[in-house]
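Engineer: this one's structure only:
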């Protein structure tokens, strides 16, 4: 008896499993243009700082903006729940491992203070930088007008998985077309990982898509609900959606790889997979200026009944400027991310991000295995 | 010279190697229907407790039934061999690692006391729950009438590998058609892993099939006899058999994934692979109410001449209710299994288990590798 | 520019990567016939003991023969170089790790005492068992008449890689046709791993082929010279050669899987890959009766200028009878190998080794990964 | 919706993933011819010593040449920056791990003393050996005349990735046709990894190509910029380019596998992948005569703003002669590399390197996994 196939499945790839092939011509790194655009906004580095409490607070957002990137302030996090979030963040950092999930569940059960939303935005804008804020789909319609009024420039609607159509008994699902018409801010939505889901989101008229479900270091989505797509395949599929959507609509909607990048090499691979920008969490939480005090945790960690993720000790390795631009004496790819990206464009002969998206890649065994092999062959 | 192919073999997949892709629409978790049916019995959660001595005794079966699932009492285990099984179970828990296999061989060489069979069943039924009992094929014809008389509702015939046709010198192989005609109880049979073996079992008229050979944590079948099929492929092949059988007979015989699931993520993947229900061992042995005192061992472990498996220290992590429904502060997927399942259905936009069986999956590198990568890239 | 393919390569598989699928019918293990035949000799278990000094000496060969298998005495080892090999073996066992290779190089540089060849053979034959001896190709023509005269039954010609045609300046390559015509003993030759090399060997008229280059635990051939084929593929390819040769000649030449088997599971997989018998080293070196005192080393270890392999501490785990037939309280597949094999035939419904060779197999992730996953998901 | 493919990628293979299959005929190792030619120069062993400061200084180059190989002196390293490089090398060896990158950055920021270039070359030539020197593309035009005048025989132009065409604002890219016409020395260029890039380099008229980007033990190119190709695939693709170029031009340009080889097995696999020679770093840094004092680091390690790689403690395991020719008592493939290569040619029946390039290979699980399996199955 031959066995009928119950369902098909494709092989998906993560950063550890691919590598970039150098080009046939090369370019000096300083010749590469790495600009990133969302609607009328242009950023000199294609990097966003994650809407996570260990990464972005007001002062971090101001500094990050001045350095050329875009940090996203989370309107559902401690910044909007506490007048004095520093104390809470310090308490989280001091908490022992076996108590931290309970503490986070308690911390995030405090109500949001709506007055703080405006305050945080204004205080970011005072630095003269572009201000982005994020919230979950359920609160998007409620917070968007407040954010716009306070001067926010870009509005991010983000949850573990967000689709163009959501069914719920308790509230009417968010209609992105309506949200978009009701606000002047460009909307970035996420996260999604598949071609069809990404294409449907783009068709609602939004201005950017965050890509990534279950790939991140502070995320155990796959362990808890079995859901997740390795990031290289997720980015490639959503890049295909972006290209399809551009063909059908003439509009270019950038995709932002969010999660799973642990060093400069992963960041470069995200672009080679088709990303227009990346959103970073763990790596930026290592900055001296990050509010997490050397710790990092995901926004699904404090879930009241189904917590996911862990608080990770990432350490504090240098200033934000060093992490982004060097100089550095670390050789593990955790610093001078922009230098890494420019160098990768150089060896691929790519004059800009769009050309980098077309660089050749190979499926290759993980660097971690190779890194260890030397030791293994030693006595 | 070209090399002729001696035999073909397919790639088989385990839970570690696949991941579920979110759907194009999403659903609030509380909208999902997760009912499970065997003939006229309906269960509000699609979870069975394994017929293993570290998992199911009478009080556990009563509690598990009240919480909506179906626990299976093993008629070949300590519950049917000892008037006071608690003492035996405590002795097993106290035994040092290097003596436990001998002890188990001794414990399980004691004869079964047939009077205990009725007692255990009646005592389970007193709680008003559906009562399932299991035995090996060789004793099935002998025990079935006793079990039915005592009020058992469902009869499980289980061994490492059970087929519709078995040849033996010492006894006439069990004919499932005969067994089925001789008893009013629906019969669940297992374990099997292949399309053809599962289809043959269904054709005997039984009411459910247990799927899984060699995938479990407390099982070393593959190390000892080289036999076993990774569980995702086994479930998918048997789901194909279920569909074929339904097309040929009109009858829908559910398949139950048994073994190899270590957390909520694996459980969700079992359904996405085509399962109608899951049977859990190790995870439930962690409940405060489990009879194993924080230990777990398989039923092929005490084999007199070819023992397989190991006693595993699983620990005691919470109440059964927490393990099934939360609330929890653990983030490793070991608690709130029903919450995990509902959330997975939600992000896949599946309104019931049948839709979840059709969710898209990808082949993806193991979560364990990804989980470790962060550390590996740190100094 | 598209890249032309410089060379093709096939994927090869090892024991860790495959698993046996249970059959659609099953059989009681005691119904299975596991006889193994070489020409007119029949053995009741299809297991050979390796021609390695840590495994086979005269008393081990006598015992192994009485238990139904065939042990091979190495005419190039310490048994033929020393009047009192026990002392040498004890010295090897006492040697520290960092001195043992030098010691072995010294031990094996002592000349062979030809008178010992006859003595060892006669002393084995006194027990009434079938006696097999082995030597390297370069000494085969010289030793064969002595071995035959002393009463040896089976003559094994073995080196890391042996082919039907060998070019050398220093001596005329061994012609197997000539050797075969010059001696009444059936000749077993090895090792080889490919279809074509195996077929060419069979065409010389020899009576059995040893299969395996670079798969074994005490062997580092792959690390030192990059050469080796994972054992499942090697056995399958040579099984295809056996079948081709039978079609062209009518003669059935058995193949014996030699090396790489670490437990009962691997042994069962060797048969499911097409083997007629297995030759075991490390597992048998664990017997109380083995001459290696709990250590094991390969015959290419003492090479004067390019030593390969390591001395492995395998420990002493039980009597030879326990290792072959149980009873046992170990659950790691290291004891009751014959029970493992019979059980595997049973769950595959195979009445003999020839049917077992046709059992279905799948490519499956290594058991070692699965075995560890439980721990990995625990706190 | 079916998902369009955003980009294609091929599977690439590293040394750990392949193994060589023995041939159908065999050959005594001493029959094999392993000569290597670059233009009019012939070397009796196909091994180059890397242009790395921990490997090659003048006295090492003299010794290596006398033993039959070709060492490359780096004109951008400490030998050309310091009158007394030994002191600097000793300081690097003494530096703690967490300070060594900064120290290297400082050491390599000292200017090159052009007078030392001639001195080092003359002093190498005095030993009567063939002298090769290397520099980065940016200094190639400047240093080539000095090197030629001082008597250098072969000129190597090397950087992480070198292509036939390079765009830069700050200097006019090196034109290899011009360089070749301006100097009598044969030019070897590297590194490259793809068919098209290698073919373009050969078309410039150069005399040898170094193959390898990101495969080496002292290199973290993949971690920092995501770029790299596993070495087996890189060598195979460049071997295809060599063959294409020979068909179009009649000229045979040898390719030299550079990086990633950790033992004799890897070295043999490089030739079986299509290499004409290998360039070794880490293995040779283990020689008593190597200037690195038991340490090794790559030339991209000291990069001022984007350092890559790590200083590795390789230890000192024997004399250079032992590493190349034995005798040895190590069994890990780190000594008697030439013996390994000859033995591999022998078991493949290859009379020279060109036949070895055509040896059959299989894709096989890593030796490291197999090496560990024995332990894993033990208690």
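Structural biologist: Arrived safely. Every value quoted in this text rests on a predicted model; they were computed, and no experiment measured them.
Engineer: State the number of residues packed around the closest residue to residue A:85 other than its chain neighbours.
Structural biologist: By the measure of CB to CB, 6 or more residues apart in numbering or on different chains, the closest residue to residue A:85 outside its immediate chain neighbours is residue A:78, 4.3 Å from it. (Each C-beta comes from the backbone N, C-alpha and C, glycine too.) With neighbours defined by other CB atoms under 10 Å in any protein chain shown, the count for residue A:78 comes to 24.
Engineer: contacting residues for residue A:78?
Structural biologist: Counting by CB atoms under 8 Å, 6 or more residues apart in numbering or on different chains, residue A:78 touches A:53, A:85, A:88, A:89, A:107, A:108.
Engineer: And residue A:364, by the same measure?
Structural biologist: Taking CB under 8 Å, 6+ apart as the definition of contact, the neighbours of residue A:364 are A:17, A:18, A:19, D:11, D:12, D:14, D:222, D:228, D:229, D:230.
Engineer: and it, what are its phi and psi?
Structural biologist: The phi/psi pair for residue A:364 (degrees, to the nearest 10) reads phi -140, psi 150.
Engineer: What separation do you get for residue A:35 and residue A:251?
Structural biologist: Between residue A:35 and residue A:251 the computed distance is 18 Å (CB to CB, to the nearest Å).
Engineer: follow-up on the earlier one: so which of the contacts of residue A:78 wins on neighbours?
Structural biologist: Among the contacts of residue A:78, the one with the most neighbours (other CB under 10 Å) is residue A:53, at 31 neighbours.
Engineer: which SS state does that one fall under?
Structural biologist: Using DSSP: H, G, I helix; E, B strand; the rest coil, the secondary structure recorded for residue A:53 is coil.
Engineer: what's near enough to touch it?
Structural biologist: When contacts are counted by CB under 8 Å, 6+ apart, residue A:53 touches A:74, A:77, A:78, A:79, A:85, A:89, A:291, A:292, A:297, A:299.
Engineer: quick one: the second one and residue A:52 touch, right?
Structural biologist: Going back to what we said before, that points to residue A:77. Yes. Using CB atoms under 8 Å as the test, residue A:77 is close enough to residue A:52 to be in contact (7.5 Å).
Engineer: quick one: common contacting residues for those two?
Structural biologist: Taking CB under 8 Å, 6+ apart as the contact definition, residue A:77 and residue A:52 share the neighbouring residues residue A:299.
Engineer: before we move on, back to that, filter the contacts of residue A:53 to the buried ones?
Structural biologist: Neighbour counting by 16 or more other CB atoms under 10 Å in any protein chain shown classes A:74, A:77, A:78, A:79, A:85, A:89, A:291, A:292, A:297, A:299 among those as buried.
Engineer: Of these, which belong to helices?
Structural biologist: Counting by DSSP state H, the part of those found in helices is A:78, A:79, A:85, A:89.
Engineer: which one of the residues you listed is nearest chain B?
Structural biologist: For chain B, the closest of those turns out to be residue A:78, at 18.3 Å, with distances computed as CB to the nearest CB.
Engineer: where exactly do the helices run in the stretch 101-250 of chain A?
Structural biologist: Under the criterion DSSP state H, counting those that start in this stretch, the stretch 101-250 of chain A contains helices at A:114-125, A:137-150, A:176-182, A:195-203, A:221-225, A:231-249.
Engineer: tell me what the first one is packed against?
Structural biologist: To tie it back to what came earlier, the one meant is helix A:114-125. If contacts are counted by 3 or more CB pairs under 8 Å, 6 or more residues apart in numbering or on different chains; DSSP states H and E, helix A:114-125 sits against helix A:58-66, strand A:70-74, helix A:78-81, strand A:132-135, helix A:137-150.
Engineer: what's the longest one packed up against?
Structural biologist: Contacting helix A:137-150 under the criterion 3+ CB pairs under 8 Å, 6+ apart are the following elements: helix A:114-125, strand A:132-135, strand A:154-158, helix A:176-182.
Engineer: how far off helix A:114-125 does it point, in degrees?
Structural biologist: Orientation note: helix A:137-150 sits at an angle of 60 degrees relative to helix A:114-125 (axes from the mean of the first three to the mean of the last three CA atoms, to 10 degrees).
Engineer: How far away from the center of its chain is helix A:137-150?
Structural biologist: Going by CA atoms, centre = their mean, to the nearest Å, the spacing between the C-alpha centre of helix A:137-150 and its chain's C-alpha centre is 21 Å.
Engineer: what do you get for the second one?
Structural biologist: If you compare the mean C-alpha spot of strand A:70-74 with that of the full chain, they lie 10 Å apart, counting by CA atoms, centre = their mean.
Engineer: Could you identify which of the helices and strands packed on helix A:114-125 is most buried?
Structural biologist: Greatest average neighbour count among the helices and strands packed on helix A:114-125 goes to strand A:132-135 (a mean of 28), per mean count of other CB atoms under 10 Å in any protein chain shown.
Engineer: Close to chain D: what parts of the stretch 101-250 of chain A are there?
Structural biologist: Where proximity means CB under 8 Å from any CB of the partner chain, the interface of the stretch 101-250 of chain A facing chain D comprises A:194, A:195, A:196, A:199, A:236, A:237, A:239, A:240, A:243, A:244.
Engineer: just checking, residue A:342 touches residue A:33?
Structural biologist: No. At 9.8 Å, residue A:342 does not count as touching residue A:33 under the criterion of CB under 8 Å.
Engineer: quick one, which of those two is more surrounded?
Structural biologist: When neighbours are counted by other CB under 10 Å, residue A:342 comes out ahead of the other of residue A:342 and residue A:33, with 21 against 13.
Engineer: Quick check: the residue of the stretch 151-300 of chain A nearest chain B.
Structural biologist: Closest point on the stretch 151-300 of chain A to chain B, by CB to the nearest CB, is residue A:226, at 3.6 Å.
Engineer: confidence score at residue A:251?
Structural biologist: At residue A:251 the predicted local distance difference test score is 98.
Engineer: Can you tell me the SS state at it?
Structural biologist: For residue A:251, the secondary-structure state derived from three-state DSSP is coil.
Engineer: what's the nearest residue to it if we skip its chain neighbours?
Structural biologist: When the adjacent residues along the chain are set aside, residue A:251 lies closest to residue A:245, with 6.9 Å between them (CB to CB, 6+ apart).
Engineer: same thing with residue A:270?
Structural biologist: For residue A:270, the spatially nearest residue (CB to CB, 6+ apart) is residue A:257, at 4.0 Å.
Engineer: How far off centre is the helix or strand the one you found falls within?
Structural biologist: Residue A:257 belongs to strand A:255-258 when assigned by DSSP states H and E. Offset of strand A:255-258 from its chain centre (CA atoms, centre = their mean): 6 Å.
Engineer: Ok, stretch A:228-242 next?
Structural biologist: Averaging C-alpha coordinates over stretch A:228-242 and over its chain gives two centres that are 14 Å apart (CA atoms, centre = their mean).
Engineer: Good, we can wrap up now.
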